[in-house]
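Visitor: With the sequence up front, the predicted model follows.
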Amino acid sequence: MKLKNFIIITLLIPFMNINAQITPNNLEKKWWKEAVVYQIYPRSFKDSNGDGIGDLKGIISKLDYLKSLGIDAVWLNPIYESPNDDNGYDISNYREIMKDFGTMEDFDLLLKEMHQRNIKLIMDLVVNHCSDENYWFQESRKSRDNKYRNYFYWWPAEKGKPPYRWSFFDVNSNAWKYDELTNSYYLHYFSAKQPDLNWNNPVVRTEIYDMMKFWLDKGIDGFRLDAFQFIAKDDSFPELPKEIADKPTEIIKYYVNGPHLHECLQEMNREVLSKYPNAMTVAEGAGDSPESAMKFVDPDRKELNVAYHFESVDIGKHISDFGLVKYKNIFSRYDKTFKDKGWLSIFMANHDQPRMVSKFGNDTPKYRAISSKMLSTFVLTMRGTTFYYNGDELGMDNIRFDNIDDYNDVETRNKYQHLKENNGDLKAYLDDRKQTSRENGRTPFQWNTETNAGFTTGKPWLKVNSNYTTVNAENEEKDPNSTLNYFKKLVLLRKNNPILVYGKFDLIDKENPNVFAYTRELDGKKILILLNFTTLDVKIKTTLKLNKAKVLLGNYDKSSANGTLKPYEAVILQLN
């Protein structure tokens, strides 16, 4: 090679590398980026044996329904063996199926039948804590020198009371429970029946990694990591600042992103996830900011791949109270951080939230269906992996229980008991729960007009919403204008337009208090999405030329491209 050519090539190499580095790695195609993930709460989906509890055979019987939705994957809430203190999030055996749900043979058949329909299965991985009926904990309680003792966090009583830690579900919000057997306290960030696992112990980590391989070797397609932000703890338990002792939201900041959290995730990746490169991993509650969320899913860090943050749902009772401009700013902040790398989830509901249409839309008879369609439009057209909660495709809404006896939820019942013991305002609490309780989202799926909405022939474990006679899958499948059929159109539109998956996001008319408007842009093509979050007729301000725009989909019979929106109207426009 001539010296002149060698010098030129040498000089060009750094520039070639720079160009490679600035190509956004979030444009790299992955199945889990393109997937529409449908969340099934198994206890409430479909009961096959009349005991009032949804089960695996019930899900199997409805796989053709799932296939008809067009979804790509199912996130299944915990089905492991459990005494059910927190509806399966208290696991007594990670390698067995809860008897309420069926058998391991039922699970194997479910997985096989799902895969035959090209539907992937994502399971919940609940390893911040287990059940106090788990063998590990039962052994741990027996003596201070038991080999399982260090699987959990114990504080000997002779050292005095342990430094205060707040609990989500404890009646007195105390995360330490005294155990007489060894004169010690054990730690539980959630229910007293959910002792926290000690991730500082390498043997515990190995147990968990082996369990993960057990399920991945069965052929599941990934994990959603539950409450994982809490696993890392300073086991000397230093005193928390006194000024935050009665402020749970401040205390939680001391729980997340603890010491060695990301080291544990990187170890998990090395020991397990790297060996299953097509597995999807979802970081629930990823961080307390866009920057901290990125740490979980930055590909260079080799941890997880989808960030599932809570800021967009932690907005209070209703979006109208929070304010749409503030809500839009949340997504703008996250998109700014994630525009070139990492990957987000997009969702408005899950098993820990009230119904989507009751929190973000309008569930009055006049607007329930139309606002539900508008919200579905949002979830299916934003950048990020779509997570969609079962029943929202029907426009199911809050049941709003009147009596504490109607609730099964450990969180609601324990907070009620605390207020009762301390002469609190029980009526005000129940009134609040009508809008905010997570059991609003857990009522049985409404299949048809038969008794109990076709969910069960027995007594349902949780009451069925009385509007099932009109809001149900059977009715909506027959109605071409139903929320169900609109959802199917949205899924198909997303699949046929990669711009809705990988396209750049830009907010339009950002200070508009009534409309959420944004563009998605990819390979010279641009789509505009207009969403009216109010009962008003509204218009957007934009310099975009709408006169030649093509309506791709809208939630009214006739949608226009003039930027004027009817109440809760959603319009998707092709601009070029």
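Guide: Sure thing, it's come through. Numbering: from 1, shown residues only.
Visitor: Every contact and neighbour count from this point should use C-alpha atoms.
Guide: Noted.
Visitor: list the contacts for W199?
Guide: By Cα atoms under 8 Å, 6 or more residues apart in numbering, the contact set of W199 is Y151, R205, I231, A232, K233.
Visitor: and R95, what are its phi and psi?
Guide: Taking degrees, to the nearest 10, you get phi -110, psi 20 for the backbone angles of R95.
Visitor: gap between it and E139?
Guide: To E139, R95 is 18 Å away according to Cα to Cα, to the nearest Å.
Visitor: do P241 as well
Guide: Where E139 is concerned, P241 sits at a distance of 34 Å (Cα to Cα).
Visitor: Name the residue in those two with the higher neighbour count.
Guide: Ranked by neighbour count (other Cα atoms under 10 Å), P241 and E139 place E139 first, with 16 against 9.
Visitor: That one - nearest residue in space that isn't next to it in sequence?
Guide: In space, E139 comes closest to Y148 once its chain neighbours are excluded; the distance is 6.1 Å by Cα to Cα, 6 or more residues apart in numbering.
Visitor: Confirm for me that the one you found is in contact with Y135.
Guide: No - no contact is recorded between Y148 and Y135 when judged using Cα atoms under 8 Å, the distance being 9.2 Å.
Visitor: mind listing what Y308 touches?
Guide: Y308 neighbours (Cα under 8 Å, 6+ apart): V282, A283, E284, G285, A286, L344, S345, I346.
Visitor: could those residues be laid out in CSV, adding neighbour count and distance to R494?
Guide: Shown next, in CSV, are the contacts of Y308 (neighbours: other Cα atoms under 10 Å; distance: Cα to Cα, whole Å):
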residue, neighbour count, distance to R494
V282, 27, 21
A283, 25, 24
E284, 20, 24
G285, 19, 26
A286, 28, 25
L344, 26, 16
S345, 20, 15
I346, 22, 14
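Visitor: Nearest to D397 among those?
Guide: I346 (19.7 Å; Cα to Cα).
Visitor: Regarding the nearest residue to the closest one once chain neighbours are set aside, which helix or strand does it belong to?
Guide: Ranked by Cα to Cα, 6+ apart and with sequence neighbours excluded, the top spatial neighbour of I346 is T386, at 5.1 Å. Here T386, judged by DSSP states H and E, is contained in strand 385-389.
Visitor: That strand: partners in the sheet, and parallel or antiparallel?
Guide: Within its sheet, and counting by DSSP bridges, strand 385-389 is paired with strand 36-40 (parallel), strand 345-346 (parallel).
Visitor: so after the longest one, what's the next helix or strand?
Guide: What that stands for is strand 36-40. Read in the C-terminal direction, the helix or strand following strand 36-40 is helix 56-61, with elements assigned using DSSP H and E.
Visitor: What are the buried residues along stretch 164-175?
Guide: Of the residues in stretch 164-175, those buried under the neighbour-count criterion (16 or more other Cα atoms under 10 Å) are Y164, R165, W166, S167, F168, F169, D170, V171, S173, N174, A175.
Visitor: what would the residues you listed look like in TSV with pLDDT and distance to N26?
Guide: As requested, these are arranged in TSV below (pLDDT from 0 to 100; distance: Cα to Cα, whole Å):
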residue	pLDDT	distance to N26
Y164	92	42
R165	93	39
W166	91	38
S167	92	37
F168	91	35
F169	91	38
D170	90	41
V171	90	44
S173	89	41
N174	93	42
A175	95	40
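Visitor: ok, so what distance separates the residue lying closest to P460 once chain neighbours are set aside from G458?
Guide: In space, and not counting its chain neighbours, P460 is closest to G52: 4.0 Å by Cα to Cα, 6+ apart. For G52, the distance to G458 equals 5 Å [Cα to Cα].
Visitor: Who has more neighbours out of these two?
Guide: Neighbours were counted for G52 and for G458 using other Cα under 10 Å; G52 has more, 22 against 14.
Visitor: gap between the residue nearest to the spatial centre of the chain and E28?
Guide: Among the residues of the chain, the smallest C-alpha distance to the mean C-alpha position (Cα atoms, centre = their mean) belongs to N350, namely 5.5 Å. Noted for N350: a distance of 28 Å to E28, by Cα to Cα.
Visitor: which residues touch the closest residue to L69 other than its chain neighbours?
Guide: Leaving aside its sequence neighbours, L69 sits nearest to K488 (Cα to Cα, 6+ apart; 5.4 Å). K488 makes contact with S68, L69, G70 under the criterion Cα under 8 Å, 6+ apart.
Visitor: now E311
Guide: The neighbourhood of E311, defined by Cα under 8 Å, 6+ apart, consists of D288, I330.
Visitor: If I look at it, what pLDDT would I see?
Guide: The confidence metric pLDDT takes the value 92 at E311.
Visitor: Against N422, how distant is the residue nearest to P460?
Guide: Here the criterion is Cα to Cα. By it, G52 lies 35 Å from N422.
Visitor: One more: G361?
Guide: As for G361, its distance to N422 is 35 Å (criterion: Cα to Cα).
Visitor: With A279 instead?
Guide: Distance of A279 to N422, given as Cα to Cα: 48 Å.
Visitor: And the two? Which one has more around it.
Guide: When A279 is set against N422 and neighbours are counted by other Cα under 10 Å, the residue ahead is A279, at 22 against 9.
Visitor: ok, for the more buried one, nearest residue in space, not its chain neighbours?
Guide: Nearest residue to A279, sequence neighbours excluded (Cα to Cα, 6+ apart): G222, at 4.5 Å.
Visitor: Near the one you found, how many other residues are there?
Guide: Here the number of neighbours of G222 (other Cα under 10 Å) works out to 25.
Visitor: Dihedrals phi and psi, it?
Guide: Backbone torsions for G222, taken as degrees, to the nearest 10, come to phi 150, psi -180.
Visitor: hang on, it packs against K213?
Guide: No - using Cα under 8 Å, G222 and K213 do not qualify as a contacting pair, with a distance of 10.6 Å.
Visitor: if we can go back for a sec, what helix or strand is the residue nearest to the centre of the chain on?
Guide: Assigning secondary structure by DSSP H and E places N350 outside every helix and strand.
Visitor: dump the residue contacts of it.
Guide: Applying Cα under 8 Å, 6+ apart, one finds that N350 lies in contact with Q39, Y388, Y389, G441.
Visitor: and with 10 Å instead?
Guide: Under the criterion of Cα atoms under 10 Å, 6 or more residues apart in numbering, the contact list for N350 reads 38-41, 313, 356, 387-390, 392, 438, 441-442.
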